[in-house]
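>>> Quick one, fold the following:
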Amino acid sequence: MRTGETMPAASRATLRALGVWTTFLGDGHLPCPGISSWWGPNTPVQQDSAFDPSGPGWHVDRCRFDRMLVAAAAATGAEVLDDTRLLDSQFTAGMSGSASWSVALQRDGRRSTCGARVLIIATGRSTAAPPEHAVRDRLDRLIGLGAIVPSDAVLSAADQRIWIEATPCGWWYSAPMANQQWTFTFFTDADQAPTRRAAQPLKEYWVTRLALAPNTTRRIEALGLRASALAMRSVANPVTVIAADSYRKRPCHGPGWLAAGDAASAWDPLSGQGIEKALRSGLRAAAAVDAMLGTRDCDAAALTAYARSEEEIDRQYRAHFRTYYGQ
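Below is the predicted model of the structure:
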């Protein structure tokens, strides 16, 4: 379940680099005019997009956004295989010009095999993605408990900023979504919440945490909902557990392959950089593959340079992570 995602204003440059800026503007994503954060005192810290030279960010309709990227890839010559599952991949150090990978796929119940010079692992947070020997260097065990809530309130009359509210056991994120829906997600450590299989206790825990967040509760009531009514509506719109831990995958490359996006590393949603970070990682991965396909002699150099750039960016993120949570 997608419980609401945002892109910062600075993503304009990334979308232009991908050639999809005009299409993105026409897709009707909701502007995000800023962020209100309660970190202890009852007076919020305001980040207003009016003071951002790049303008507002966006509340992204992720399904619409993903379809746009797929269409853009197809328009540039990529072969899109919907409803296709990776069964197996085998690496072979072939002769010059031959494929290094043999990839087994399943589509419509039929198995097929294709060859590839380079394999890009872009499977997001999936733990089942190759290489199986890679390990995750985790910073935390953060999870999100998210609910998507419909509201009859007029969206244009509501505060469309992101709201973040700290509480003793975690922090709340709330924001508007498409189709008159709102997301309310509580982020906490995995060992603080009930197990995934305990559906009713999970809802009860979500509601009890909400009671400790007066500003988020006020927002719910402003939308014409009460916390008790919201708990009842969660029967139809259940609370969902979302992986939100920060990690770096090691190694992030090897002979003939590299990992990109969340398959290489993932960041705390508090950064607001998830989609932007993944897109930038994809651009760097594409540049590395372009160098690899130019000549076999630079395979190792291109992969090493890519890994170093990913590690340096992640090192900077970890420094910011420690600073913000230290406060």
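
>>> What residues are bridge-paired with the closest residue to residue 185 other than its chain neighbours?
In space, and not counting its chain neighbours, residue 185 is closest to residue 146: 3.9 Å by Cβ to Cβ, 6 or more residues apart in numbering. All C-beta atoms are positioned from the backbone trio N, CA, C, and that covers glycine. For residue 146, the beta-bridge partners are residue 185, residue 240 (DSSP bridges).

>>> Residue 146 contacts residue 243, correct?
No. Applying Cβ atoms under 8 Å as the test, residue 146 and residue 243 come out as separate, 11.2 Å apart.

>>> Compare neighbour counts for those two and give me the winner.
Ranked by neighbour count (other Cβ atoms under 10 Å), residue 146 and residue 243 place residue 146 first, with 23 against 16.

>>> I'd like the distance between that one and residue 140.
Counting by Cβ to Cβ, to the nearest Å, the gap between residue 146 and residue 140 amounts to 18 Å.

>>> In this structure, where's the longest helix?
In terms of residue count, the longest helix belonging to the chain (DSSP state H) is helix 299-326.

>>> I'd like to know how many residues surround residue 149.
Burial measure for residue 149: 19 neighbouring residues, criterion other Cβ under 10 Å.

>>> Would you mind measuring from the residue nearest to residue 185 to residue 7?
From residue 146 over to residue 7 the distance is 18 Å, taken as Cβ to Cβ.

>>> And for residue 316?
From residue 316 over to residue 7 the distance is 19 Å, taken as Cβ to Cβ.

>>> now do residue 40
Counting by Cβ to Cβ, the gap from residue 40 to residue 7 is 28 Å.

>>> neighbour count winner among the two?
Between residue 40 and residue 7, residue 7 has the larger neighbour count (other Cβ under 10 Å), namely 23 against 8.

>>> If that one is in a bridge, with which residues?
Here residue 7 sits in beta bridges with residue 58, going by DSSP bridges.

>>> cool, and residue 162?
So, taking DSSP bridges as the rule, residue 162 has residue 35 as bridge partners.

>>> what about it, how many neighbours?
Other residues lying near residue 162 total 22 when counted by other Cβ under 10 Å.

>>> Now for it: which residues touch it?
Under the criterion of Cβ atoms under 8 Å, 6 or more residues apart in numbering, the neighbours of residue 162 are 6, 32, 34, 35, 36, 173, 174, 175, 272.

>>> Let me see the contact set for the second one.
Right, the one you point to is residue 32. Neighbour list for residue 32: 6, 49, 56, 57, 58, 59, 160, 161, 162, 175 [criterion: Cβ under 8 Å, 6+ apart].

>>> quick one: the residue nearest to it when sequence neighbours are not counted from residue 244, how far?
Distances taken as Cβ to Cβ, 6+ apart place residue 57 nearest to residue 32, at 4.2 Å, with adjacent residues excluded. According to Cβ to Cβ, residue 57 and residue 244 sit 19 Å apart.

>>> Please tell me how far the helix or strand containing residue 218 is from the chain's geometric centre.
Residue 218 belongs to helix 214-222 when elements are defined using DSSP states H and E. Here helix 214-222 is found 26 Å from its chain centre; the criterion is Cα atoms, centre = their mean, to the nearest Å.

>>> cool, and stretch 206-219?
Average the C-alpha atoms of stretch 206-219, do the same for its chain, and the two points are 24 Å apart (Cα atoms, centre = their mean).

>>> going forward, begin numbering at 17 instead of 1
Okay, using 17 as the starting number, the last item reads as stretch 222-235.

>>> how near is residue 182 to residue 341?
Here the distance between residue 182 and residue 341 works out to 11 Å (Cβ to Cβ).

>>> which residues sit in contact with residue 262?
Contacts of residue 262 by Cβ under 8 Å, 6+ apart are 154, 155, 156, 158, 281, 282, 283, 284, 333, 334, 337.
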